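Show me the folded form of this:
(2 chains)
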Protein chains: 2
Amino acid sequence: MNQKAFAAALGQEPADLVITNGQIVNVFSGEIYAGGVAISGDRIIAQGDVAYTIGAGTEVIDAEGQYIVPGFIEGHIHPESANLCLTSFADVVLAHGTTTVFTDLHEIGVVEGVAAMDAALAEGCATPLTIKFVFPSHVPFSPGLETSGGHIDASTIEEALKRDDVVGIGEVVSQYVAFGLPDLLRSIEATRAAHKVLSGHGPETHGPAWNAFAALGVAKDHEGMSLDDVLIRVRNGVYAHLRHNLLVPTLPELIKGITELGLNTRLMCLVTDDTSAITLTDEGHLDHLVRLALSLGVDFVTAIQMVTLNVADSFRMGDEIGSLAPGKVADINIVTGPEEFKVLTTIAHGKVVAKNGQTVVVTPRPEHDPVLLNTFHLKAPVTAKDLVFAAPAGKTAAHVHVMRTLPWVPITEGGEADLAVVDGILAADTEQDLLPIAVVERHQATGNIGKAFIGGFGLKRGAIASSIAHDNHNIVVMGVSPDDMALAVNTVAEMQGGVVLVAGGKVVASIALPVVGLLSDMDAWSFARARKDVLAQAAAMGCSVPEPFMFLSFITLAAIPAFAVTDKGYVNCLTQQLMDPVLSWK
Amino acid sequence: MNQKAFAAALGQEPADLVITNGQIVNVFSGEIYAGGVAISGDRIIAQGDVAYTIGAGTEVIDAEGQYIVPGFIEGHIHPESANLCLTSFADVVLAHGTTTVFTDLHEIGVVEGVAAMDAALAEGCATPLTIKFVFPSHVPFSPGLETSGGHIDASTIEEALKRDDVVGIGEVVSQYVAFGLPDLLRSIEATRAAHKVLSGHGPETHGPAWNAFAALGVAKDHEGMSLDDVLIRVRNGVYAHLRHNLLVPTLPELIKGITELGLNTRLMCLVTDDTSAITLTDEGHLDHLVRLALSLGVDFVTAIQMVTLNVADSFRMGDEIGSLAPGKVADINIVTGPEEFKVLTTIAHGKVVAKNGQTVVVTPRPEHDPVLLNTFHLKAPVTAKDLVFAAPAGKTAAHVHVMRTLPWVPITEGGEADLAVVDGILAADTEQDLLPIAVVERHQATGNIGKAFIGGFGLKRGAIASSIAHDNHNIVVMGVSPDDMALAVNTVAEMQGGVVLVAGGKVVASIALPVVGLLSDMDAWSFARARKDVLAQAAAMGCSVPEPFMFLSFITLAAIPAFAVTDKGYVNCLTQQLMDPVLSWK
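Take a look at the predicted model:
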């Protein structure tokens, strides 16, 4: 607290900015009452009766009876999933009332390591959005099962924990904890010793494995999918970051912890984890989740707490952000009431930054640090036969292991099928909805290509390729035509990243993602339009899942059940072992 | 988390101690459900279904259907007020389920500074009680208005904040903040920079003064006396440590914040601040406050949260203590239900330490560090005329300013009165219930004696003296007879501290307090009996207040309204200035 703000709190200096005539939503007391909020510099200096703070030069905003709430805090998000460079990402989330995000920038780290994360962070921190850096707990995410560009281990983390801007480590995997991976346990110890926060990634974890995970001090987790998952988190003192996004639309289930079980909500937060530019522009960010929570029966103050104070507390930062109290950072939203719940005005660090869904402070798009560009290194352009299984001479079919995505969530189920040999390869079978899928290593020019079979996407012709592929961001491709698959991969590489649709030997749609192969330089609204065009094209080619590129990006994630494909091959995610998808030839 | 505990959480090693067949009071979820708690070493490793943790060598406690709650945490207490050395203090509070106390040991610091606090802390830390050290924010408490033995300023604090065992600074006075005392502001800045906790002392603070106090980052405050005080704390994000003790029995009023206003309770805690050995032995510690809260209509889980998780969170230590979750310190109580609410078994750091109101682990009374002993340094024995106002020649009376204690709280009100000159001095007037009162400096042999007039005690004969005198612990004396007053003071000094009653030229009752003049070496139960005898004797001499020594100890506190007397003289506490109590002679 500087001298000027202290004097302003005492009424000895005028405040810089005062909101009057509002309804304060008090996340501490649980009340809603008439009043205002006074600001000096970047800090709140008073709430409630703030008339005494107004003096010469004070800017006054009349809230006209609308509600005043703290700026929203996103406790768990990978901005990379919106495929926007950080400047554009900040712009769109600020426009929806988000003033702070906790993020690991892990996807950028996967591609180019710490230097690239720092370069992206610098771009984000040049905007009015506050970005709290939750350092990735390890890269590659699935050691031994994939090839990444960056590398982060316990030594990297011990160094990073010395930084003031690093608040903890992210995505600590419960399974790896249960395995007792020494490098991870060392990173966890270092984080505890630094009094920083362990952010967990604990899907399908129960009983002893959960207890060991919690006992290590994991403070929060976003992987709950069921009401039981909410219970196990909250009862064991782990903040339940209730996730809801297009691919994991679980809030209607998770919220029953409040509406049906009546659990105390102090350990509950709303997070998106991954969200798209289309969702951000068309539906919103945390404001969208608040609307959903309200529609599911959560009361207004509780819903606001779950995107403000509770999130701050889950990172032990409630003394800085997440409320409207004196001394706290002046991150504030003026919103309409619970009926429609719309963000009208957003103030970040004491400055008005957005009004009516548009930012009023626009940060110029930066010149990117070179580390963020030109990140594709293929051993050689790929050919059609690199991407599929060639049949041994005389074989006409094979019995294969296949994975199928669920229609609404990119969680795969395993199965078996028979595939015919056509032109010497195990071909796509659109009748069975089974396609060849491949991952082409692109960081270290190893030439690695992993191959498998995927179902559930419905693609009827051509090929789809993308450089968005958790958690290694190699190039993933699937298709009906091996030639189209090869063209798609080579096009992605030539573009230095992007998504590509190929049909009949031609690129029919694409979006470039030149920043580490993941992020566009467009603004969110332009990108959303471009993405809608690509999705329409994919649907025209038969794709039946709502977001094929987002779905595809998770099929390559060895940490999520049940099966995955990486540049190393086909992975059984539960055993964390590679397997040959071709079970037998006929 | 050590290897053994981690393995035990995973079920790979047997737990050391398991409580089965209980009802878990879950302070996170707000639920009560059947289950147990498993412990390895000093940590909880599982709650709920803990059967899998039991193996060879596991000690099992059957809770027989009773309730399992976290060990109680006292967020604000001066153990010195119980007049017990730390070993005896720990013994009695553990017997009532308290496993952690946050304390500043400020009274000991007043007498002999940091070395004495450390020596006392070492005695306390040798017991199973966890003591978190909240370093005193300054000594003397009222600079310029009193003489202390110890001295603590910003330099002392900057040094102390480097210590791992120092969790913050205590009793930051709102009035001094509003005055902008530079040394205090420097200490506050240092504490914030060290990410440690500011514990406030903000009586009668409202509006701009409160906002400035909160804006500096004060995290908690225990000085609320009214429902408005609760509101101003909670609404502004300052933990409301709801205080209740014999002298400030305010819980029935403060609790209306919950029972009438329905405020969210996450920022509310129950604290004692000052309590006596009699209360501790006869009524209890935090268990007593929980019973009171329950009787006032607070629900069971909320009452438990207010002496466990909420207190831990108010010091940002909810990740270590205050709950029954895996990884937390194994401080646990087995208690009966809300109807009678009795602590049956107390476990501290994984060991059973008390059963049915008695500790089972008794720490031997230590040899005291010499710094704690022989702390009285008078310039010379006092005489009767040193302690009273001599009349100028020919004067027969005076118009004087007097302070009168309220009958139940040692808060003084100012007034004026006429006193007659008898034998050349302004004499006691028992008709008006006005007595001479004096404070004799005893740390630095300055010879300072401050004098004034006190009403409201009802004493009819003799004198009362004590070396317990906030916040300087000089010798305070009041009486009907100046000769008896002098004998009482000199007896206290000879005893190296204590409380003394004199009547008719004889010591009629006393208790020695040889440790820094404040603490007895008796156990709590013996001390309580001795104190009851002294109180009976005081009542026989006419004393009408319930705890004359405790009352007297606050009459000397220049920080509490409205008037006080110190070795420097008579103090107007609101203006923080000395004044002559003799307004005019007649």
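
What's opposite the residue in the stretch 351-500 of chain A that chain B sits nearest to in the beta bridge?
Nearest residue of the stretch 351-500 of chain A to chain B: residue A:351, at 18.8 Å (Cβ to the nearest Cβ). Where C-beta positions appear, they are placed from N, C-alpha and C, glycine not excepted. Beta-bridge pairing of residue A:351 under DSSP bridges involves residue A:348.

pretty sure it is touching residue A:128, no?
Yes - if you go by Cβ atoms under 8 Å, residue A:351 and residue A:128 touch, sitting 6.6 Å apart.

Need the residues touching each of these two.
Shared contacts of residue A:351 and residue A:128 (Cβ atoms under 8 Å, 6 or more residues apart in numbering or on different chains): residue A:361.

Following the chain onward from the longest helix belonging to chain A, which element is next?
Determined from DSSP state H, the single longest helix within chain A is helix A:106-125. Using DSSP states H and E, the next helix or strand after helix A:106-125 towards the C-terminus is strand A:130-136.

List the buried residues in that next one.
A:130, A:131, A:132, A:133, A:134, A:135, A:136 (16 or more other Cβ atoms under 10 Å in any protein chain shown).

Beta-bridge partners for the fourth one, please?
Here residue A:133 sits in beta bridges with residue A:103, residue A:166, as judged by DSSP bridges.

OK, contacts around it?
Applying Cβ under 8 Å, 6+ apart, the residues contacting residue A:133 are A:103, A:104, A:105, A:117, A:121, A:163, A:165, A:166, A:167.

Then residue A:91 would be within a strand, right?
No - with DSSP: H, G, I helix; E, B strand; the rest coil as the criterion, residue A:91 is assigned helix and is not in a strand.

Residue A:16 versus that one, what's the distance?
To residue A:16, residue A:91 is 24 Å away according to Cβ to Cβ, to the nearest Å.

who's more crowded, these two?
residue A:91 (25 against 22; other Cβ atoms under 10 Å in any protein chain shown).

Let me know whether the more buried one touches residue A:524 as I believe.
Yes - between residue A:91 and residue A:524 there is a contact under Cβ under 8 Å: 6.4 Å.

who's in contact with stretch A:48-65?
Everything outside stretch A:48-65 that qualifies as a contact, by Cβ under 8 Å, 6+ apart, is A:8-9, A:11, A:13-24, A:33, A:35-38, A:40, A:45-46, A:334, A:345, A:352, B:207-208, B:235.

quick one: which of those residues sit in helices?
Reading helices off the contacts of stretch A:48-65 with DSSP H, I get A:8, A:9, B:207, B:208, B:235.

right, and the pair among those with maximum separation?
A:8 and B:235 (18.9 Å; Cβ to Cβ).

Comparing the two, which residue is more hemmed in?
For residue A:8 versus residue B:235, neighbours defined as other Cβ under 10 Å are more numerous around residue A:8 (30 against 24).

Without its sequence neighbours, what residue ends up closest to the more buried one?
residue A:40 (3.8 Å; Cβ to Cβ, 6 or more residues apart in numbering or on different chains).

Enumerate every residue touching that neighbour.
A:4, A:5, A:8, A:9, A:13, A:15, A:16, A:53, A:350.

which residues does it form a beta bridge with?
As assigned using DSSP bridges, the partners bridged with residue A:40 are residue A:43.

Could you report the neighbour count for residue A:486?
25.

ok, now residue A:534?
20.

any idea how far chain B is from residue A:116?
29 Å (Cβ to the nearest Cβ, to the nearest Å).

now residue A:76
From residue A:76 to chain B the distance is 18 Å (Cβ to the nearest Cβ).

still on that earlier bit, going by neighbour count, list what's buried in the longest helix of chain A.
Quick answer for helix A:106-125 (16+ other Cβ under 10 Å): A:106-114, A:116-121, A:123-124.

for stretch A:440-456, same thing?
Those would be A:440-443, A:446, A:448-456, for stretch A:440-456 by 16+ other Cβ under 10 Å.

Give me the mean pLDDT for it.
What stretch A:440-456 shows for mean pLDDT is 97.

same question, stretch A:292-305
For stretch A:292-305, the mean confidence score works out to 98.

all helices for the stretch 151-300 of chain A, in order.
A:154-160, A:174-179, A:182-193, A:207-215, A:227-235, A:251-254, A:256-259, A:277-282, A:286-295, A:300-305 (DSSP state H, counting those that start in this stretch).

is it possible to export those helices to a markdown table including distance to residue A:28?
Listed next are those as a markdown table, based on distance: least, Cβ to Cβ, whole Å:
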| stretch | distance to residue A:28 |
| --- | --- |
| helix A:154-160 | 33 |
| helix A:174-179 | 32 |
| helix A:182-193 | 28 |
| helix A:207-215 | 27 |
| helix A:227-235 | 20 |
| helix A:251-254 | 24 |
| helix A:256-259 | 19 |
| helix A:277-282 | 30 |
| helix A:286-295 | 18 |
| helix A:300-305 | 9 |
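
So which of those helices is nearest chain B?
Judging those by Cβ to the nearest Cβ, what sits closest to chain B is helix A:207-215, at 3.8 Å.

Chain B contacts on the stretch 51-200 of chain A?
A:52, A:178, A:180, A:195 (Cβ under 8 Å from any Cβ of the partner chain).

Which of those are buried? Put it as a PyMOL command.
Buried subset of those, written as a PyMOL selection, criterion 16+ other Cβ under 10 Å:
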select buried, chain A and resi 52+178
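
Now compare the residues of the stretch 51-200 of chain A next to chain B and name the two farthest from each other.
Among those, A:52 and A:180 lie farthest apart (Cβ to Cβ), at 59.0 Å.

can you tell me which residues contact residue A:123?
A:85, A:86, A:87, A:366, A:368.

where's the closest residue to the second one other than its chain neighbours relative to chain B, distance?
Okay, so that is residue A:86. Excluding its sequence neighbours, the residue lying closest to residue A:86 (Cβ to Cβ, 6+ apart) is residue A:124, at 3.5 Å. Here residue A:124 is placed at a distance of 24 Å from chain B (Cβ to the nearest Cβ).

Can you check the pLDDT for residue A:124?
97.

so which strand or helix has the residue located most distally from the centre of chain A?
Residue farthest from the centre of chain A, counting by Cα atoms, centre = their mean, is residue A:394 at 47.2 Å. Assigned by DSSP H and E, residue A:394 belongs to neither a helix nor a strand.

got it, and residue A:312?
helix A:309-314.

Report the backbone C-alpha coordinates of stretch A:477-489 in PDB.
Taking C-alpha atoms only, stretch A:477-489 is exported to PDB below (Å, rounded to 0.1, in the frame of the first residue of the first chain):
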ATOM      1  CA  VAL A 477      -3.400 -36.700 -38.900                       C
ATOM      2  CA  MET A 478      -6.300 -39.000 -39.700                       C
ATOM      3  CA  GLY A 479      -8.000 -39.600 -43.000                       C
ATOM      4  CA  VAL A 480      -9.700 -41.800 -45.500                       C
ATOM      5  CA  SER A 481      -7.000 -41.200 -48.100                       C
ATOM      6  CA  PRO A 482      -3.300 -41.800 -47.300                       C
ATOM      7  CA  ASP A 483      -2.300 -39.400 -50.000                       C
ATOM      8  CA  ASP A 484      -4.500 -36.700 -48.500                       C
ATOM      9  CA  MET A 485      -3.100 -37.500 -45.100                       C
ATOM     10  CA  ALA A 486       0.400 -36.900 -46.300                       C
ATOM     11  CA  LEU A 487      -0.500 -33.600 -48.000                       C
ATOM     12  CA  ALA A 488      -2.200 -32.500 -44.900                       C
ATOM     13  CA  VAL A 489       0.800 -33.200 -42.700                       C
END
